[in-house]
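**Q** Have a look at this prediction, sequence included:
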Amino acid sequence: MVKVSKNLHLCVVMSDSYFPIYQNIFNRTLPREFDSVNILHIRDHDSLPGFVGEYNFKMINFKRLQFVAENLLAHQGDNLLVLDIDAVFFRNFKDEINTLLETKDMVFQHNPHYEHQPYCIATWGLQCSKKNINFFAEEVLPRSSALLKSSEEWEELVEKKVPLPDFYFSHRTGKQQHYDGDACVINTAILESDLGKELKVELLPDTYTQEFDGGPNVKNCVLYQSAGEARGALERATHLVEMYEKIRKNIK
C-alpha cells in the first residue's frame, strides 16, 4: 500500500511592525511546499519584535492562540505548522515535520533561554486531531484569557485580593506568576494540566536553531529563528538578513 502524506498547513500571525519582515525576508526564504498558508494580519494592535509582556504584545499573543485553534478545526485530519515571522529558511522540511507528527501530538523548537519553559512556539507543529482540539478548548483558550488583562489590572486585582481561577497562573518556577505571553500559556498548559501531560510532545532537532552560528549542525540547518533580546523591526530585519547570509555559506 502506498503511504499518503498528510497535508501540512502553515499558520502565521503578524502585526503592522512585522509586515516588512514577512514581505522582504520570511516570504522570500519560505519553501513553496505547504498546502496552504494561513495568515492573520492584526491591525488594531501592534508591538515591536521581542517586547514580551507588553500589553499589545499579549493581545497579539491572545489572538494568535485563537487563530491556531481555528486552524486546528479547519484542517482536521491534516497537520499544522505555526511559525513566527522573524525566521529565515534554508531547505524544505514539510516531510520531516509530517514524519515527526506521525507519532507525536506536537513538536516544538527547543527554547534554550528558559529552564522552566522548554517549548518554543516560534516553530511549532501540531496534529489537527480531536485530542489537540480538545486540549485547546479545555486548557489553552481558558488560560489565554488572562493575557487580556493589563499590568495595571493585575496590580489592582492583587491589591484588592480578588479571587481568580488557578488556571490564570503558572506555577512552573515554584511560585505563582501570571502569564507574560502565549509561550507561557502553552508551556504551562502542557506541563501543569492533566490533558497536557497526556500529550506526546517532542523537541525538534538542533537543525531548527536560534544560535547565531547556526548551531552545532549548521551544515544541515533548516531554519534560524531570531529570539532573545528585544529589537525593533528594522534592527530585527537587518539581523535576519545577516544571519541568512552567514549560515547559508555553511550549508551543505
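**A** Sure thing, it's come through.
**Q** where exactly do the strands run in the stretch 1-150 of the chain?
**A** 8-15, 36-42, 79-83, 87-89, 106-110, 119-127 (DSSP state E, counting those that start in this stretch).
**Q** Name every strand pairing with the third one and say which way it goes.
**A** When pairing is defined by DSSP bridges, strand 79-83 lines up against strand 8-15 (parallel), strand 119-127 (antiparallel).
**Q** now the chain, which segments are flagged as low pLDDT?
**A** 1-4, 49-50, 53, 228-231 (pLDDT under 70).
**Q** for it, longest helix please?
**A** Determined from DSSP state H, the single longest helix within the chain is helix 55-74.
**Q** now the angle from it to strand 119-127?
**A** With axes from the mean of the first three to the mean of the last three C-alpha atoms, to 10 degrees as the basis, helix 55-74 and strand 119-127 are set at 20 degrees to each other.
**Q** Touching helix 55-74 from outside, list them.
**A** 9, 11, 13, 15, 38, 40, 42, 45-47, 51, 80, 82, 126, 128, 132-133, 136-137, 140-141, 144-145, 147-148, 150-151, 179-182, 185-186 (C-beta atoms under 8 Å, 6 or more residues apart in numbering). The way it works is simple: take the backbone N, C-alpha and C, and place the C-beta from them, glycine included.
**Q** Show me which of the residues you listed are buried.
**A** 9, 11, 13, 15, 38, 40, 42, 45-47, 51, 80, 82, 126, 128, 132-133, 136, 140-141, 144, 147, 179-182, 185-186 (16 or more other C-beta atoms under 10 Å).
**Q** got a markdown table for the strands of the stretch 1-150 of the chain, with distance to Ser226 too?
**A** A markdown table is the format used below for the strands of the stretch 1-150 of the chain (distance: least, C-beta to C-beta, whole Å):
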| stretch | distance to Ser226 |
| --- | --- |
| strand 8-15 | 14 |
| strand 36-42 | 19 |
| strand 79-83 | 12 |
| strand 87-89 | 7 |
| strand 106-110 | 12 |
| strand 119-127 | 9 |
